[in-house]
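In: here is the input, now give the coordinates:
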Amino acid sequence: MTDILLEVQGLTTRIGTAVDAPPAVVVDDLSFTLRRAETFALLGESGCGKSMTALSLMRLLPPGGRIAAGRVKLSGTDLLRLTEAQMRVRRGGRMAMIFQEPQTSLNPVLSVGEQIGEAVRVHEGHPRRLVEDRVLELLDAVGIPDPARRLHEYPHQLSGGMKQRVMIAMALAGDPELLIADEPTTALDVTIQAQVLRLLKDLQRTTDMAVLLITHDLGVVAETADRLAVMYAGEIVETGSVAEFFAAPAHPYSRRLMESLPGADKRQGRLAAIHGRVPPLDQPFVGCRFAPRCTEVLPVCRTDTPDWTDLAAGRGVRCHLWIGSAGVPPARAAAQPIHPEVPPPTGPATVGDLLKVQDLAVHFPIQRGVFRRVVGQVRAVDGVSLTLSTGRTLALVGESGCGKTTVGKGILQLIAPTGGSVRYLDRELRGLGHRRMRPFRKDLQIIFQDPFASMNPRMLVGDIIGEGLQALGIKRTRAGRVTRVAELLDLVGMSPEAAERYPHEFSGGQRQRLCIARALAVEPKLIVCDEPTSALDVSVQAQILNLLKDLQERLGLAYLFITHNISVLAYLAHEVAVMYLGRVVERGPVDRVLDDPRHPYTRALLSAVPVVDPANRRQIIRLEGDMPSPANPPTGCYFHPRCPDAIEACSRNYPGETRLGDGRAVHCLRLDE
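Out: Below you'll find the model as predicted:
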């Protein structure tokens with residue numbers, strides 16, 4: 001019996017039925033195989049066709065989508081020749097899928113038990129009296145604590161990691177041979193991400209299930225996959241084992257993806273961003289599809305479509321550089337940047353403390369009953385102290401729900417602090433009303449996490465960027481605002497013509513640039529950056545990080561950079577503060593904190609970060625369970641219920657601050673040990 005579970009040959013998928021417009025070929029002549037108990041990764045930027053490949057395999061295409069050619073064989077059965085009734089038996093049974101966003105995939109009005117139970121009844125045929133037993137078994141299998149209680153809870157009552165586990169439990173209800181995981185960890189913290197990836201590995205070992213992993217996270221691929229395929233503009237451009245790929249990526253696109261990764265080793269330079277964007281797929285292509293963005297492009301690349309070249313068993317590449325090389329790496333063409341990089345300007349001449357935050361607290365009342373009596377407090381931020389200087393970046397890092405965003409909004413007085421002090425240029429901001437806060441709005445700006453949700457879809461980009469200029473009376477005439485908006489668009493690397501378009505007409509990276517332009521419009525001195533790169537591909541992320549670093553060096557900006565991406569803060573930040581349940585547990589210079597973490601939570605956080613280079617991987621410190629509720633924090637050290645090093649004394653008193661000689665401050669009773 002062959003060990004090949006899934007065989008895809010010449011799969012071609014088209015989207016669009018308009019007579020006057022050509023259809024988009026979102027998947028073009030795709031071929032690969034997947035073995036039993038193997039993890040095969042599809043890697044590439046957004047818009048390359050990864051998710052459409054998964055939906056094609058499941059036959060769940062959107063309206064207007066159709067599979068034009070190819071074969072998809074699962075255990076020898078061609079799925080494309082089955083009727084919809086026959087396919088429905090296999091979909092969720094023999095093959096299952098975890099969708100990218102669990103919050104939108106789960107029904108908000110049905111309990112967790114009802115949703116998993118539906119999958120159990122459909123695929124396993126259990127009578128109703130036995131369904132609940134099977135649901136409890138599945139919840140326990142995916143590591144959800146106290147499954148009997150969670151059975152009756154709703155999706156909004158679960159953390160992001162738990163919602164993803166529920167999705168996995170639903171997918172496992174039919175005992176699938178193949179699990180398609182579409183970006184299963186994109187929106188998760190590194191600790192929860194490590195739990196989900198470990199869960200998938202454990203399930204593979206016990207069930208021999210194969211996993212098709214769709215992601216743009218190179219670190220996740222390096223640590224979890226066996227083989228991979230790199231997609232670009234609807235087609236595969238490189239395949240191989242994970243070890244071979246990360247040792248020497250063959251395609252120029254693959255190499256640029258690797259070079260786009262941020263890290264501490266690249267702090268003094270610029271990231272190798274891939275300029276431009278994935279081309280639209282509703283056009284005929286001439287030559288190599290990556291040629292317009294390639295730094296090693298040859299004349300033949302623009303005229304002839306490259307053939308597939310087999311380099312070794314199971315390894316191949318679609319590139320003119322390799323044609324005729326007999327598997328020997330070709331001499332690289334001289335890299336000619338498409339857009340010459342301008343050396344970053346020198347730093348600001350003056351450096352000083354801009355912001356001093358002392359014991360900042362933000363509590364939200366819990367109200368119950370007809371008269372809305374206050375019965376408790378959600379301690380979202382519970383005594384945070386920070387200092388930020390001109391031209392410097394302070395990173396706030398921690399799991400979702402620890403209070404990072406609330407700290408940023410509390411500093412800007414977008415949320416009224418409950419206690420503490422926020423001094424900007426030695427002026428107290430806390431307690432200022434709306435009118436007295438207006439003069440400070442010019443200096444204090446924010447870049448929100450979701451660029452699309454933070455822009456009015458009915459306003460032109462020029463009006464969105466110029467709105468602050470008008471509101472604060474900086475440019476009172478429309479002509480002055482138009483001129484300033486054009487300057488800002490040029491500053492963030494976009495054409496002035498973008499001012500006459502709407503937000504939906506831009507890519508995610510371009511929308512983030514527009515949000516940066518809006519924040520810069522009023523010439524701020526401090527910008528709160530709330531996860532500005534969390535949803536971006538590594539190539540677009542590199543462009544945004546380069547832009548932020550250039551603007552800081554040119555304008556002397558200070559950034560409060562909120563993130564859970566350790567690689568990003570290692571590249572961009574000067575200092576880092578690690579938050580847990582509303583409090584800072586460790587802070588100090590970024591290199592010292594990352595190289596020698598002293599708090600157990602910091603060590604666990606760093607150990608869970610997926611790393612491309614095997615030599616730099618740490619042994620993962622598993623944090624069991626989820627963060628406690630800020631409405632009912634534990635006594636003593638907030639981290640002690642999950643801490644692998646906790647002792648009995650940790651449960652009695654919250655540890656005070658210990659200052660180390662290298663500029664760090666740590667809250668831990670076991671610091672000396």
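In: can you give me the helices for the stretch 101-250 of the chain?
Out: Assigned by DSSP state H, counting those that start in this stretch, the stretch 101-250 of the chain shows helices spanning 102-105, 112-124, 128-141, 147-150, 160-172, 190-207, 218-224, 242-247.
In: for the last one, packing partners?
Out: Read it as helix 242-247. Counting contacts by 3 or more Cβ pairs under 8 Å, 6 or more residues apart in numbering; DSSP states H and E, helix 242-247 packs against helix 218-224, strand 227-232. C-betas here are computed from N, CA, C, even on glycine.
In: what lies in contact with the next helix or strand after it?
Out: Tracing the chain past helix 242-247, the next element assigned as helix or strand by DSSP states H and E is helix 252-259. The set of residues external to helix 252-259 that reach it, using Cβ atoms under 8 Å, 6 or more residues apart in numbering, is 43, 45, 218, 230, 232, 237-238, 245-246, 249, 271-272, 274, 290, 293-296, 319, 321, 538-539, 612.
In: which residues touch the nearest residue to residue 322 once chain neighbours are set aside?
Out: Nearest residue to residue 322 in three dimensions, chain neighbours excluded: residue 309, at 4.6 Å (Cβ to Cβ, 6 or more residues apart in numbering). Applying Cβ under 8 Å, 6+ apart, we find residue 309 in contact with 316-319, 322-323, 325.
In: what about burial for those residues, which qualify?
Out: Neighbour counting over those (16 or more other Cβ atoms under 10 Å) leaves 316-319, 322 as the buried ones.
In: next, the buried residues of the lowest-mean-pLDDT helix or strand in the chain.
Out: Least confident element among the helices and strands of the chain, by mean pLDDT, DSSP states H and E: helix 102-105 (a mean of 74). Neighbour-count burial for helix 102-105 flags 102, 105 (criterion: 16+ other Cβ under 10 Å).
In: for it, name the packing helices and strands.
Out: Secondary-structure packing of helix 102-105 (3+ Cβ pairs under 8 Å, 6+ apart): helix 160-172.
In: which helices and strands sit right next to the helix it packs on?
Out: strand 95-98, helix 102-105, helix 112-124, helix 128-141, helix 190-207.
In: hey, where'd the strands end up in the stretch 451-600 of the chain?
Out: Ranges of strands in the stretch 451-600 of the chain, per DSSP state E, counting those that start in this stretch, are 526-530, 558-563, 575-580, 583-589.
In: now for these, which one comes closest to residue 455?
Out: Between residue 455 and these, the shortest gap by Cβ to Cβ is with strand 526-530, which sits at 14.6 Å.
In: parallel or antiparallel, which strands does that closest one pair with?
Out: Partners of strand 526-530 in the sheet, by DSSP bridges, are strand 444-447 (parallel), strand 558-563 (parallel).
In: any weak-confidence spans in the stretch 201-350 of the chain?
Out: The model of the stretch 201-350 of the chain has pLDDT under 70 over residues 325-329, 331-350.
In: wait, residue 100 sits on residue 51?
Out: Yes: between residue 100 and residue 51 a contact is recorded at 7.2 Å, counting by Cβ atoms under 8 Å.
In: overlap in contacts of these two?
Out: What both residue 100 and residue 51 touch, as defined by Cβ under 8 Å, 6+ apart, is the set 182-183.
In: among the buried ones among the contacts of residue 309, which two are most distant?
Out: 316 and 319 (9.9 Å).
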